[in-house]
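Visitor: starting from these lines, generate the structure:
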Amino acid sequence: MPMRQEHISIVLADEHPLYREALAVSLRQSSQIRVIGQAGTGPQAEELFRDLRPDILVIDVTMHTSRGFETSNSILRWDPGARIIWLSTFLRESYCKRAHESGIKGYLAKSMPFAQMLEAIWAVYDGQSYLSRQ
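Guide: Here you go, the predicted structure:
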């Protein structure tokens with residue numbers, strides 16, 4: 001991936017601390033990505049998004065504590081231009097359709113290679129949509 005001048009700020013939201021923290025550590029390896037907040041629930045993610053105004057919110061769409069669907073929709077009502085990437089253990093066609101209809105920019109499987117996560121982040125940052133190859 002070519003070096004770019006921009007820096008991308010990200011808030012991560014996932015109810016599993018180990019996964020969320022491991023993803024944050026991995027993303028921080030890129031000098032162009034800044035993880036500026038982490039949330040374990042939907043309400044925390046929404047609060048961080050409003051307070052920190054990240055370039056991208058990466059959220060587990062199936063969080064049990066205030067599902068990612070509702071959090072994403074709430075954020076998009078507040079900021080229709082929000083760039084949100086959904087993560088999920090399983091890719092479902094119904095979620096792909098729901099993501100597209102609601103304005104979600106990315107939908108990725110948690111089992112994807114890390115390089116694909118970086119591709120998705122840059123694509124969404126650049127205003128494109130990104131669907132996991134899996």
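
Visitor: from Glu21, how far off is the most centrally placed residue in the chain?
Guide: Nearest to the centroid of the C-alpha atoms of the chain, with distances taken as CA atoms, centre = their mean, sits Val58, at 1.5 Å. When distances are taken as CB to CB, to the nearest Å, Val58 and Glu21 turn out to be 13 Å apart. In this view, the C-beta of every residue, glycine as well, is placed from N, C-alpha and C.

Visitor: got it, and Ser132?
Guide: From Ser132 across to Glu21, the span is 22 Å (CB to CB).

Visitor: tell me which helix or strand the residue nearest to the centre of the chain sits in.
Guide: Here Val58 sits within strand 56-60, counting by DSSP states H and E.

Visitor: one more: Ile85?
Guide: With DSSP H and E as the criterion, the answer for Ile85 is strand 84-88.

Visitor: pull out the buried residues from the following helix or strand past that strand.
Guide: Taking DSSP H and E as the definition, the helix or strand that follows strand 84-88 towards the C-terminus is helix 93-102. Buried residues in helix 93-102, defined by neighbour count with 16 or more other CB atoms under 10 Å: Tyr95, Arg98, Ala99.
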